[in-house]
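Asker: please find the sequence and the predicted model below.
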Amino acid sequence: MSTNPANTNQPAETDLFPRPITEEEVRELDALLGESVPPLIAGGRKAFLRDLPQLLKTHRGWCVAYSGDRRLGISRSALKLYDECFRQGLARTEFIVLDVEESHFYTHEIEILTPELDE
């Protein structure tokens, strides 16, 4: 399927590869949403990006969980990491689970937090 330049309903080629989101844009989005990213999640993102080059060498395609600067675990299954974090008594706003992929070098993942379910 080729792109027809006259058809404005088709995405422009530049739309397929969005530019990285800047920290200022993240702060603006936080302000618009009325809630900032929880500190342990923000710290987890920072620790993940710090560790990503080594993780790509050893665990590409796996998932990793962080709470602040502390790496909680690495698994092939994100579900197992979520389960382990909840078993440790962590609230959903106290940890983040991310895929070990190169795309994290280019974009920031913005996670929408869901309310915790009552057990």
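Answerer: Yep, that arrived. Numbers count the residues shown, from 1 in each chain.
Asker: tell me the first helix or strand C-terminal of the helix or strand where residue 83 lies.
Answerer: Element membership for residue 83, per DSSP states H and E: helix 78-87. Once the chain leaves helix 78-87, the next helix or strand it forms, by DSSP H and E, is strand 96-99.
Asker: give me the contacts around that next one.
Answerer: The contact list for strand 96-99 (Cβ atoms under 8 Å, 6 or more residues apart in numbering) reads 40-41, 44-45, 48, 61-67, 78, 81-82, 85, 104, 109, 111. Where you see a C-beta, it was placed from the backbone N, CA and C, and this is true even at glycine.
Asker: keeping just the C-alphas, turn stretch 54-64 into CSV.
Answerer: Output in CSV follows, covering the C-alpha atoms of stretch 54-64 (Å, rounded to 0.1, in the frame of the first residue of the first chain):
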residue,chain,number,x,y,z
GLN,A,54,24.0,-3.1,30.2
LEU,A,55,20.4,-4.6,30.3
LEU,A,56,20.3,-4.6,26.4
LYS,A,57,23.5,-6.7,26.4
THR,A,58,22.2,-9.3,29.0
HIS,A,59,18.4,-9.2,29.0
ARG,A,60,17.1,-7.7,25.7
GLY,A,61,13.4,-8.4,25.3
TRP,A,62,12.9,-9.1,29.0
CYS,A,63,11.1,-7.0,31.6
VAL,A,64,12.5,-5.2,34.6
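Asker: buried stuff in it?
Answerer: Buried residues in stretch 54-64, defined by neighbour count with 16 or more other Cβ atoms under 10 Å: 55, 62, 63, 64.
Asker: let's test this: mean pLDDT of the lengthiest helix in the chain, rounded?
Answerer: Under DSSP state H, the helix in the chain containing the largest number of residues is helix 39-59. Helix 39-59 shows a mean pLDDT of 93 in the predicted model.
Asker: same question for stretch 89-109.
Answerer: Stretch 89-109 shows a mean pLDDT of 79.
Asker: list the buried residues of it.
Answerer: For stretch 89-109, the neighbour count (16+ other Cβ under 10 Å) marks 90, 92, 94, 95, 96, 97, 98, 100, 104 as buried.
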